[in-house]
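Just the structure for this:
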Amino acid sequence: SQGNMAFAGKYEFEGDENYDAFVQKIGLPSDKAEMGRNCKIVTEVVQNGNDFTWTQHFPGGRTTTNTFTVGKEADMETMGGKSFKATVKMEDGKLVAEFPNYHHTAEISGGKLVEVSAQRSRYIYKKNPKTLT
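Sure, this is the predicted structure:
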């Protein structure tokens, strides 16, 4: 079973998979997407039972902090700075939240913080030969 402080700690960004496709699908502006690409984000998690303070420190001093209690609606902010309300749940040792246009999970696996963001909607794009190579 997971301990009470299972998520607490400071985690340094190690790598991502499918970042470009994801930020494009959720509509993150290109300047914010560029800022997030391979950037050394440090995520700091303070946990007291079901109460969390989840802070992401971006290079250049910008931070995003979300404070929430598992099972209770909270005011949250996306990577892109949009505010929304969400209820974070605990499912099979993972924190699960519905962001405005994606489903987000976080878990501790092998001593590492693993966050997965998956789109809820399906987007279909056609190629525009004038703007893409």
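
Tell me where the chain has helices.
With DSSP state H as the definition, the chain shows helices at residue ranges 19-25, 30-36.

Can you work out which other helices and strands pack against the first one?
Spelled out, it's helix 19-25. With contacts defined as 3 or more CB pairs under 8 Å, 6 or more residues apart in numbering; DSSP states H and E, the secondary structure elements packing on helix 19-25 are helix 30-36, strand 112-119. (C-beta placed from N, C-alpha, C; glycine too.)

Can you list the buried residues in it?
22-23, 25 (16 or more other CB atoms under 10 Å).

can you redo the helices and strands packed on helix 19-25 as CSV with mean pLDDT and mean neighbour count?
Formatted as CSV, the entries for these read as follows, by pLDDT from 0 to 100; neighbours: other CB atoms under 10 Å:
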stretch, mean pLDDT, mean neighbour count
helix 30-36, 74, 14
strand 112-119, 81, 14
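
of all these, which lies closest to residue 96?
Judged by CB to CB, the one of those that comes nearest to residue 96 is strand 112-119, at 9.9 Å.

how far away is residue 31 from residue 62?
Taking CB to CB, to the nearest Å as the criterion, residue 31 is separated from residue 62 by 12 Å.

Quick check, residue 88 in contact with residue 96.
Yes - taking CB atoms under 8 Å as the contact criterion, residue 88 and residue 96 are neighbours in contact, 6.9 Å apart.
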